[in-house]
Each structure stands twice: as structure tokens, then as C-alpha cells.
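Novice: need the 3D shape of this:
(one chain, ligands or ions: 1)
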Amino acid sequence: MQEAERGLLSLKKLGLNRKHKIAQSACDTKQMFNGQQYKTFCSNDYLGLANHPEVIQASRDALSKYGVGSGASHLISGHQESHERLANRLSDFQSAHIPDVHTLTFSTGYMANVGVITALCHLSNSTQLAPKELTSIYSARLNHASIIDGIRLASKESTVKLTIFEVEELQALEDALQRDANKHKLIICDGVFSMDGNLSPVHKLLDLAERFDTLLLIDDAHGFGVLGEKGHGILEHMDLCSERLVYIGTLGKAAGVMGAFVCAHQTLIDWVFQKSRPYIYTTASPPALAMAALKSLDLIEGPEGQHKRAHLRQLILYWQTHLHLQQWHSLQSLTPIQPLIVGPTQLCLLIDQELQALGVFIPAIRPPTVPNHSARLRVTFSALHAQQDIQALIQVLMNLESKFLPT
Ligand SMILES: Cc1ncc(COP(=O)(O)O)c(C=O)c1O
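Specialist: All right, here's what the predicted structure looks like:
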């Protein structure tokens, strides 16, 4: 108990303790938190589908038909036709990019990353007859925490050699792959970096994967629904196709619902299905969520999705051409994630508080979620924002920055 108290105190002193803000209204560009209304620029609901009437109706209809809970894990009796339909529809989304593509759905993106990475590392011991072989994992430095945790768990269960690479220095990755005589190799990279908003060079990574006989796992949590003409994600955006691709997407961000999925060649999906403990040993998610996600997929792919993505692009362009800051540093990003790097954690917390006092909600993102000395406002846009919202935000931020500039 005393250790916990000391630990909590030390987090507080460093400005790193976390707190809930209690939301009292639906996810939207204006939202009530702790009894106060704010303009929000922080959700991952990039297309504004989390509160879309057709998505709500689809889940209502499914609730009436299937009830609330699935009642059991997928492999007992919880796998409903809605889960199967969702998986098939997600396969359609990636069919131009992965030959003989199949899909497995997960309850969350965190579970998908942990489940897929551990299962793929088990490939090095697939027959359980030969001695365990090594899996070489090459993971991008800024990959999401769930990838890091997946690798940590895989390292306990399988023999793993981990190399961290920088996406800006792919020559070093190439050199490492060249030296690697190991049979089982896996490159892992976010499609869109969640805290920076930039795209990873998936086309170059795929080229390396082809040349060095490696699987390439892309976590496109923030690209799915947003990138590509039809919103299919980064593989569509970059026009890529390969049997080596293992594509993970989430349904709790642009799709506005919850859950995640992995698309890959049928044989790999069959293997993950057999081996992935976060898939096997958990209750299947409510069928109503699967039906809501199916409706979101229709919206993402259809004219409404195309219109929303075009609107987002306009908002991003407006932001990039009108925001002029002297000290806080914005990153070049094509996506609705437009972070402002402030630097010191305490300063970022102060700005977060000032913004709240002005009725704007953009919580400070601090280490360890982002690297040390790079605390930031992770500004995100939704297709529900209007240009006036961005204009007003720019004004607030520019005023606030001048207030904090050293005199
Ligand atoms: C890149 C990335 N991968 C995976 C996840 C986890 O997804 P989920 O929220 O569905 O667990 C996130 C969530 O923040 C993410 O940003």
C-alpha cells in the first residue's frame, strides 16, 4: 500500500498522473464533461459515425433480434451470423490488396495486436516437433503500445529477437534484414502513427518484405475508413497488394463503433484462429456491435463516406494554411490527427487547463504515451466539424501561444 502511495505521489509530482473526465453526452464535436459543455477536438471518431442515426438504428434492430450479450466465446456458442457477415465484409474491403484474403474479428484493437503478434511468433514452432526456432521482429519505434505489449508477450512464449527501427532510416532496416539468416521474420509498423498522424512508408516496407522474405504486419487503426478513395485504408491509398501483408484495423475509430480485425491470406488467418488466445479465451462481442459496424462499413464505402473524407481534407488544408505558431510545433500530417508539440509536460498541462477554461477540450498527451519532452495537444478533426470550428480553434491556439511566449 505504501509503495502505491509513494508511486502515485511521484506520478503527481511529475505531472504524469491520469484522471477520468466523465463524458455526459454522446461523442460529438460538442460534448458535456463533468457538467460543462466543450468543443472537442480529440476523438478518433474521424467520420462522425459514433452517433450516426443509421448506425444507431442498425444496432437497435440487432438488439431486438439478438439481445445484448453473445453469451459465450466465439469457439463455444458466441459466434453469431453477424460476426461472420462482418468478417466477410471486411475481407471484401481488403480483397484487392491481399490474395485469398480472410478476416478474423477481435473485441478490441489492443487484443488484435497482442493476439496476432503472439500467434505469428508461434509459427516458428508450428509443428511442435522440431526445436523452437527464432522469430526476428522488426518493430517501428513509434508503434502503438498494444504492438509493444504483443511483442513483450510473444517474447515470453516464443524465442524472439527484437530490432527497433526508424521509419526515416530504412537503410538501417535493410542492412539488418540483409544480415538476418533467420527463417521467420516479421516487420511491424503502424499505418498511421497515432500520436503524430503521419503515414508510414508501407510501400517501402513491403518492398523490403518481398526482398527479404518477411511478413509485414500493418496496424492501420487510424487509416482505416479515412485513407483511400473508398476508405479501405492505407493499402488502398498506396495501391499495394501482397500475400505477405497482415492488415489490422480497428472499428472504434473512423468506423465509430468498437472492435478490430485482422485480414491476411487464408492460411495465416486459419493459423491465428487456432492460436490466438485473445480471440479464443474471451466472450464474443455483442452482435449488435457487429451489425452497427456493418452499417458503418456501408457508410464508409459509399457516397457519404467519400463526402466526409473530402470534407476532412478541406479542414486539414484550412488548418495547415491558416495556423501560424512561433513555438509550438505542428507536424506534417495528411490525416485528421494534427498534433501540436508543446514539449514540457507541465506546460502542456497548463495549456490543456487554459483551453478547458475557454470551453475547448484537447487533453494533453504526455509521456510515456509520447516520447519524453514531446508532450502535445493531439488535435483531431471529425467530418462533423465545420470550417468555422477550425477557424475558431486556430484563433484560440494562436492567442494562447502568444500568452505563453517568453517575454
Ligand atoms: C495504432 C493503434 N493500434 C491499436 C489501438 C488499439 O485499438 P482499440 O482502441 O480498439 O483497442 C490503438 C488505439 O488507440 C491505436 O492507436
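
Novice: CA only for contacts and neighbour counts going forward, please
Specialist: Will do.

Novice: ok, Glu133 - how many residues close by?
Specialist: Neighbours of Glu133 under the rule other Cα atoms under 10 Å: 18.

Novice: that one: what's it in contact with?
Specialist: By Cα atoms under 8 Å, 6 or more residues apart in numbering, the residues touching Glu133 are 124-125, 159, 184.

Novice: which one of the residues you listed has the most neighbours?
Specialist: Among the contacts of Glu133, Ser124 has the most neighbours (other Cα under 10 Å), with 22 neighbours.

Novice: phi, psi for Ser136 please.
Specialist: As for Ser136, its main-chain torsions (degrees, to the nearest 10) stand at phi -90, psi 120.

Novice: same deal with Arg378?
Specialist: Dihedral angles (degrees, to the nearest 10) for Arg378: phi -90, psi 90.

Novice: chain neighbours aside, what residue packs nearest to it?
Specialist: Nearest non-adjacent residue to Arg378, counting by Cα to Cα, 6 or more residues apart in numbering: Pro339, 4.3 Å away.

Novice: per-residue pLDDT of the residue in the stretch 51-200 of the chain positioned nearest to the ligand, please?
Specialist: Closest to the ligand within the stretch 51-200 of the chain is Gly109: 3.3 Å, counting by Cα to the nearest ligand atom. Listed pLDDT for Gly109 reads 98.

Novice: just the ones of the contacts of Glu133 in strands?
Specialist: The strands, defined by DSSP state E, take in 159, 184 from the contacts of Glu133.

Novice: contacts for the host helix or strand of Met111 next, please.
Specialist: Met111 is part of helix 109-121 when elements are defined by DSSP states H and E. For helix 109-121, the external contacting residues (Cα under 8 Å, 6+ apart) are 105-106, 135, 146-147, 149-151, 153-154, 157-158, 160, 219, 221, 248-250, 259-262, 271-272, 275-279.

Novice: helix, strand or coil for Ser91?
Specialist: helix (DSSP: H, G, I helix; E, B strand; the rest coil).

Novice: look up how far Glu84 lies from it.
Specialist: To Glu84, Ser91 is 11 Å away according to Cα to Cα, to the nearest Å.

Novice: those two: who's more crowded?
Specialist: Counted by other Cα under 10 Å, Ser91 and Glu84 do not tie: Ser91 has more neighbours, with 22 against 15.

Novice: let me see the contact set for that one.
Specialist: So Ser91 contacts 101-103, 263 (Cα under 8 Å, 6+ apart).

Novice: do Leu153 as well
Specialist: When contacts are counted by Cα under 8 Å, 6+ apart, Leu153 is found next to 114, 118.

Novice: how far away is it from Ala255?
Specialist: Distance from Leu153 to Ala255, by Cα to Cα: 28 Å.

Novice: what of Glu166?
Specialist: Per Cα to Cα, Glu166 is found 29 Å from Ala255.

Novice: do Leu358 as well
Specialist: 30 Å.

Novice: which of the two has more neighbours?
Specialist: Using other Cα under 10 Å as the criterion, Leu358 and Ala255 rank with Ala255 on top: 29 against 12.

Novice: a strand runs through that one, doesn't it?
Specialist: No: using three-state DSSP, the assignment for Ala255 is coil, not a strand.

Novice: find me the pLDDT at it, would you?
Specialist: pLDDT at Ala255 comes out at 98.

Novice: OK, contacts around it?
Specialist: If you count contacts by Cα under 8 Å, 6+ apart, Ala255 has them with 45, 47, 49-50, 225, 293, 296-297, 300.

Novice: from the chain's centre, how far out does the helix or strand hosting Asp175 sit?
Specialist: According to DSSP H and E, Asp175 maps onto helix 170-179. Averaging C-alpha positions (Cα atoms, centre = their mean, to the nearest Å) puts helix 170-179 26 Å from its chain's average.

Novice: what's stretch 223-243 in contact with?
Specialist: Contact partners of stretch 223-243, identified using Cα under 8 Å, 6+ apart, comprise 46-47, 93-94, 96-99, 191-192, 202-203, 220, 249-250, 254-255, 264-265, 300-302, 305-306, 309, 335.

Novice: so of those, which ones are in strands?
Specialist: Among the contacts of stretch 223-243, the members falling in strands (DSSP E) are 249-250, 264-265.

Novice: neighbour-wise, give me the winner out of those.
Specialist: Counting neighbours by other Cα under 10 Å, Gly249 leads the ones in strands among the contacts of stretch 223-243 with 30 neighbours.

Novice: so how far is Ser10 from it?
Specialist: Using Cα to Cα, Gly249 is found at 36 Å from Ser10.

Novice: could you do His79 as well?
Specialist: Separation of His79 from Ser10 (Cα to Cα): 45 Å.

Novice: likewise for Thr103?
Specialist: Distance, Thr103 to Ser10, using Cα to Cα: 44 Å.

Novice: ok, what's across the strand from Val360?
Specialist: Per DSSP bridges, the residues bridged to Val360 are Lys39.

Novice: quick one: contacts for it?
Specialist: Neighbouring residues of Val360 by Cα under 8 Å, 6+ apart: 38-41.

Novice: mind listing what's buried along whatever helix or strand Leu393 lives in?
Specialist: In this assignment (DSSP H and E), Leu393 forms part of helix 387-404. Neighbour counts using 16 or more other Cα atoms under 10 Å place 387, 389-390, 393-394, 397, 401 of helix 387-404 among the buried residues.

Novice: again, but for stretch 161-178
Specialist: Neighbour-count burial for stretch 161-178, counted by 16+ other Cα under 10 Å, picks out 165, 167, 173-174, 177.

Novice: now the strands for this protein?
Specialist: Assigned by DSSP E, the chain shows strands spanning 30-33, 36-40, 101-106, 134-140, 159-165, 184-190, 215-219, 245-250, 260-265, 329-330, 337-343, 360-361, 364-365, 375-380.

Novice: these two touch, right, Phe33 and Lys21?
Specialist: Yes: counting by Cα atoms under 8 Å, Phe33 does reach Lys21; the two are 6.2 Å apart.

Novice: out of the two, which sits in the more crowded spot?
Specialist: Neighbour count, other Cα under 10 Å: between Phe33 and Lys21, Phe33 has more, with 15 against 10.

Novice: now do the contacts for that one.
Specialist: Residues counted as contacts of Phe33 (Cα under 8 Å, 6+ apart) are 21-25.
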